[in-house]
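Asker: Provided below for reference: sequence and predicted model.
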Amino acid sequence: MKSSHFNLIRVLLTFALSILISFQGFSQNSESLNSASFRVKFKEDRAKKLDQYTKEGKTISKNISAVTGLTTLDQLNAKHAVYNLERVFPDAGKFEERHRKYGLHLWYEVKVNSMAGTDINKIISEYRKDDNIMVAEGIYTYELHDEIQPSPTYTPDDPLLNQ
């Protein structure tokens, strides 16, 4: 009984390993970090202040740097040439209460002047340290590729692979 379990486990591990090895060099998609924007999630009380700031007719977007009324965030925006902050999930009208219940109103896209030349990962890490922000994360874009490209270490012998 014990040996049959070990044989089954060995067969399954061998199968899984062979699958991994056969697909090792095949790349069907790729991802890259968007160098011009990232997302932040504000703390609830900061988001309320931000909402109040925009309802008073003050602007978040400016040509030079985005102004929010949150001092440390405004300093970061000026430092990194952030020109726009925009809600990821815009006002939902009659469903806005649901958005707020699930915290969707806390998420903003931060747009950085790409001419600034600063490493986006460094900017994101600085925003993570700010007291106004709960989460700061990059926006990744994905691309699908039609062709399967074998790795140099493994060449399949299927003559119909390209079809």
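Answerer: Ah, there it is.

Asker: CA atoms for contacts and neighbours, from now on please.
Answerer: Will do.

Asker: quick check: mean pLDDT across the helix or strand hosting K49?
Answerer: Following DSSP states H and E, one finds K49 within helix 44-55. Taken as a whole, helix 44-55 has a mean pLDDT of 84.

Asker: again, but for stretch 74-87
Answerer: 87.

Asker: Endpoints of it, how far apart?
Answerer: The first and last residues of stretch 74-87 sit 17 Å apart, counting by Cα to Cα, to the nearest Å.

Asker: Please tell me the pLDDT value assigned to N34.
Answerer: Here, the pLDDT recorded for N34 equals 60.

Asker: Show me the helices in the protein, by range?
Answerer: With helices called from DSSP state H, the chain shows them at 2-22, 44-55, 71-79, 96-101, 120-129.

Asker: What is the burial count for R100?
Answerer: R100 has 14 neighbouring residues, counting by other Cα atoms under 10 Å.

Asker: quick one: contacts for the spatially closest residue to it that is not a sequence neighbour?
Answerer: Of all residues not flanking R100 in the chain, L106 sits nearest, at 8.0 Å (Cα to Cα, 6 or more residues apart in numbering). By Cα atoms under 8 Å, 6 or more residues apart in numbering, the contact set of L106 is 41-44, 47, 87, 100.

Asker: Equivalent analysis for W107, please.
Answerer: Contacts of W107 by Cα under 8 Å, 6+ apart are 39-42, 87-89.

Asker: And V135, by the same measure?
Answerer: 39-42, 128.

Asker: ok, now with 10 Å
Answerer: 39-43, 106-107, 124-125, 127-129 (Cα atoms under 10 Å, 6 or more residues apart in numbering).
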